[in-house]
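Chemist: sequence and predicted structure, then a few things I'm wondering about:
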Amino acid sequence: MVSHPNPGPTGLLVVSRFRVDAAGRRSFLDAADRALAALAVQPGCLGASLGQATDDAELLLLRTEWEGVGAYRRALSAFDVKVSAIPLLSTALDEPSAFEVVRRWDGTGIEQAQSGLAADAGDVGLGAAAAAHVPPVLS
């Protein structure tokens with residue numbers, strides 16, 4: 001394996017899954033085309049695609065790959081993305097969708113990176129860091 005001299009996340013994968021019935025398919029595909037077009041042209045977007053499960057016609061997946069979390073966050077602020085992609089993304093299945101890249105094939109071997117996940121990510125929940133009393137994180 002090849003290691004980065006300064007290990008760190010090397011990218012971000014965003015995977016959003018959708019359950020779409022036959023009646024809503026045409027409308028969904030039109031919206032997905034607009035979302036893909038808006039996301040794909042954003043700085044830092046390395047790729048975007050829509051996939052369908054091979055054994056479930058109602059399950060679709062929108063996948064984008066980004067240079068990093070910053071590029072993805074900036075893309076979400078772009079006007080075209082707010083208009084064309086966010087409405088579609090808001091209909092995705094409610095599950096984690098952003099994944100940092102910790103292993104990548106570089107053409108000659110597997111490049112590895114350390115996770116950027118905070119050490120207290122499992123202890124600090126949404127809003128916990130902004131509460132009136134924030135308990136110390138135990139290490």
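Modeler: Sure, I can see it.
Chemist: tell me how many other residues surround residue 68.
Modeler: 17 (other C-beta atoms under 10 Å). For every residue, glycine as well, the C-beta is placed using N, CA and C.
Chemist: one more: residue 86?
Modeler: Residue 86 - counted by other C-beta under 10 Å - has 12 other residues nearby.
Chemist: cool, and residue 29?
Modeler: 14.
Chemist: how near is it to residue 76?
Modeler: To residue 76, residue 29 is 22 Å away according to C-beta to C-beta, to the nearest Å.
Chemist: swap in residue 62?
Modeler: Counting by C-beta to C-beta - residue 62 and residue 76 are separated by 14 Å.
Chemist: which one of those two has more residues nearby?
Modeler: Per other C-beta under 10 Å, whichever of residue 62 and residue 76 has more neighbours is residue 62, with 22 against 15.
Chemist: got a pLDDT number for residue 74?
Modeler: Note for residue 74: predicted pLDDT of 96.
Chemist: surely it touches residue 43?
Modeler: Yes - using C-beta atoms under 8 Å, residue 74 is in contact with residue 43, at 7.1 Å.
Chemist: between the two, who's got more neighbours?
Modeler: residue 74 (15 against 10).
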